[in-house]
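Chemist: coordinates for the following, if possible.
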Amino acid sequence: EILRCLVGSEMCIRDSCHTLRCFFVNYNISPDINQFILESFTAFDIIFDNAIMTLREGLYIYMRASTKKIIKAIGFICVLCLVYILYFNFSYYLSENNFLRCTLNEAHKSKDYTMCFIGPSTTYGSFVTEEFDELLGVKSINLGSEGQLPCDSYLILKDFLSDNKPQYVVMDVWYQYYMNNDIYYRTNTNSTIKTLAAIRPSLAKTAFGLDMFVKRPAIWSTFALPKITFEPLTTGYGQFYSLESCIDTYQYKNQYYFSESGTRLYKQGMGNWNYGKLSMDSETTWQGSYSSIATEYFNKIVKLCKDNDIELIMVTPGADDAYVLTMGHYDEAHAIFQKLADDNGIRYYDFTYAKPDVFARADSFYHNSSHMSSEGAHALTYLLIDLIRANPSDDELSGYFYQSYEEYYSNVDIANAWIEKDSDGNLVAKGLYGMDSEPEYCFYSRVHGSKNSDWTLLRDYSDDNTLTPAEYQDQDIEEIQVCVKLKDGEKVKKAYFKL
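Modeler: Next comes the predicted model:
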């Protein structure tokens, strides 16, 4: 059967050469070109016919001699797949301790949670569960994890719903995980491996694993597997996978803070801080495309919630202004999420567009450019609680959120600042700020051997952002500081340049 197909395809390919030859000859483009084409196709015919004959004879001989070997190879691949599926399914019992495993373990023990949060690291760093419990009268749990993709969220939610009947599911949607299929095919496999290790063995987990095995070569090509440990056998499952044990482990990580109920938050931001010139690679800059796999699993999550009579709420916690302005085309990413929400009748709150009088977005609200600090998480939590309670209409939402990227952009304060040196030796202060804003620049200097706090004024605030070599080279200056603010504004961003 294979040989007959091969012969048929060979004839199609071979005859296409004659068709092309006739085309060029009939149209008589040029005698020289025609002669060259005829000679080329004749040579191609000879080479092609000999190559096909050799391949056909070799394949025929090989198949007759190696049928058993081929069957063995196929069998070996099937066994390998089965071992792989069994491993990540049952590695649950000896998986390394991680926060997702412990929170899911807590959910399965309690079986009475009425609200949960799913999504990537911005999820567990943005919502304070005990505040929702107290002010909404729910029992909530945060199931966010590092790099959690929509496919991971779906599996986590399905596992959670096997023992719990929540009223609300809050899903954190962040453009980076919905941007294109590359993040599924080639990157971010670690989050899925951790998710598989945290989920109890089930048919859903097996089906998910097989689906990922087929669709994501980045997983099986590297033979990525959940790490296992035998410590639960000596420590005891209950103690090793307890939330208290996990918190003790994470306390050693300086970036985390834990509330009394075990909510994991990022530590405080640095106050009046500055990122400098942010640089984003292709994985964090909006590419203008949308992942079909993300859409597939988003729709599965929507259906799962509808089938279980759960209200699904989409949120984007909102990055710092500098991050949003640097990524580019945020309006396109927002529009995609808004359309997903509208098409499915889901509430969507994008806190990037939140107005300052309802969400101040102070520097201290951020642990870094895209994650909330504990202060920001509390402020965001209170606002989301207010929105869930009020369930404002589309007209009323204009009191909470800017209605377009242009409106948001025109109201951005100074976001960040940096200094660049041009080819003439000038130090040029630059920054990110709202559309049509009028920034002012103030320069200070510090000489060699002085303390970090000993700054001397070089030039007071003006709209001139350039410091010429004549203004700083004739002195024993080690470092230049620029302060940038908007006219009549109070917020200041500082940047430094070592000479």
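
Chemist: number of nearby residues for residue 379?
Modeler: 23 (other CB atoms under 10 Å). Every residue, glycine included, has its C-beta placed from N, CA and C.

Chemist: what's the helix or strand hosting it in contact with?
Modeler: Using DSSP states H and E, residue 379 sits within helix 374-390. If you take CB atoms under 8 Å, 6 or more residues apart in numbering as the criterion, helix 374-390 is touched by 125-128, 131-132, 135-136, 168, 170, 257, 259, 265-269, 313, 315, 317-318, 347, 349, 351, 354, 358-362, 364-367, 372, 396, 400.

Chemist: for the nearest residue in space to residue 323 that is not next to it in sequence, grab the count of nearby residues.
Modeler: Distance criterion CB to CB, 6 or more residues apart in numbering; nearest residue to residue 323, sequence neighbours excluded, is residue 369 at 4.1 Å. Neighbourhood size, residue 369 [other CB under 10 Å]: 19.

Chemist: helix, strand, or coil at residue 369?
Modeler: Secondary structure assignment for residue 369 (DSSP: H, G, I helix; E, B strand; the rest coil): coil.

Chemist: and the helices in the stretch 251-400 of the chain, which stretches?
Modeler: 292-307, 321-327, 330-344, 374-390, 394-397 (DSSP state H, counting those that start in this stretch).

Chemist: average model confidence for stretch 439-449?
Modeler: Stretch 439-449 shows a mean pLDDT of 88.

Chemist: okay, now the unreliable bits of the stretch 151-300 of the chain?
Modeler: 180-189, 212-226, 232, 235-243, 245-262, 267-289 (pLDDT under 70).

Chemist: what are the ranges of the strands in the chain?
Modeler: Using DSSP state E, the strands of the chain run over residues 115-118, 140-142, 168-172, 256-258, 264-266, 311-316, 347-350, 416-421, 427-432, 439-447, 456-462, 466-467, 477-486, 493-498.

Chemist: now mean neighbour count and distance to residue 340 too, for those, in CSV please.
Modeler: Listed next are these as CSV, based on neighbours: other CB atoms under 10 Å; distance: least, CB to CB, whole Å:
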stretch, mean neighbour count, distance to residue 340
strand 115-118, 24, 15
strand 140-142, 25, 22
strand 168-172, 23, 11
strand 256-258, 17, 31
strand 264-266, 23, 27
strand 311-316, 21, 7
strand 347-350, 20, 8
strand 416-421, 20, 30
strand 427-432, 20, 28
strand 439-447, 20, 36
strand 456-462, 13, 45
strand 466-467, 18, 45
strand 477-486, 20, 35
strand 493-498, 18, 35
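
Chemist: of all those strands, which lies closest to residue 228?
Modeler: Within the strands of the chain, the stretch nearest residue 228 is strand 264-266; the backing value is 23.7 Å (CB to CB).

Chemist: which stretch in the helices of the stretch 251-400 of the chain has the least confidence?
Modeler: Among these, helix 321-327 scores lowest, at a mean of 83.

Chemist: which helices and strands does that helix pack with?
Modeler: strand 427-432 (3 or more CB pairs under 8 Å, 6 or more residues apart in numbering; DSSP states H and E).

Chemist: now the strand it packs on: average pLDDT?
Modeler: 89.

Chemist: pull the residues that contact it.
Modeler: 277, 321-322, 325-326, 412, 414-422, 439, 441, 443, 465-467, 472, 480, 482, 484, 493, 495, 497.

Chemist: could you rerun that using 7 Å?
Modeler: Contact partners of strand 427-432, identified using CB atoms under 7 Å, 6 or more residues apart in numbering, comprise 322, 325-326, 414-422, 439, 441, 465-467, 472, 480, 482, 484, 493, 495, 497.

Chemist: before we move on, the earlier item: for residue 80, which of the strands of the chain is the nearest?
Modeler: In terms of CB to CB, the element of those nearest to residue 80 is strand 115-118, at 32.0 Å.

Chemist: mind listing the helices for the stretch 1-150 of the chain?
Modeler: Counting by DSSP H, counting those that start in this stretch, the helices of the stretch 1-150 of the chain are 2-27, 31-90, 99-110, 121-124, 129-136, 150-161.

Chemist: returning to that earlier point: turn the helices of the stretch 251-400 of the chain into a markdown table, columns for distance to residue 117.
Modeler: Shown next, in a markdown table, are the helices of the stretch 251-400 of the chain (distance: least, CB to CB, whole Å):
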| stretch | distance to residue 117 |
| --- | --- |
| helix 292-307 | 13 |
| helix 321-327 | 21 |
| helix 330-344 | 17 |
| helix 374-390 | 10 |
| helix 394-397 | 21 |
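
Chemist: what's near enough to touch residue 124?
Modeler: Residue 124 sits next to 142, 144, 264 when contact means CB under 7 Å, 6+ apart.

Chemist: let me know the closest of these to residue 75.
Modeler: residue 144 (41.6 Å).

Chemist: is residue 107 in contact with residue 161, as I believe?
Modeler: No. Between residue 107 and residue 161 there is no contact under CB atoms under 7 Å: 9.7 Å.

Chemist: looking at these two, which is more packed in?
Modeler: residue 107 (22 against 18).

Chemist: now do the more buried one against residue 364, distance only.
Modeler: 32 Å (CB to CB, to the nearest Å).

Chemist: what's around residue 110, how many residues?
Modeler: 12.

Chemist: for residue 359, which non-adjacent residue is closest in space?
Modeler: residue 383 (5.4 Å).
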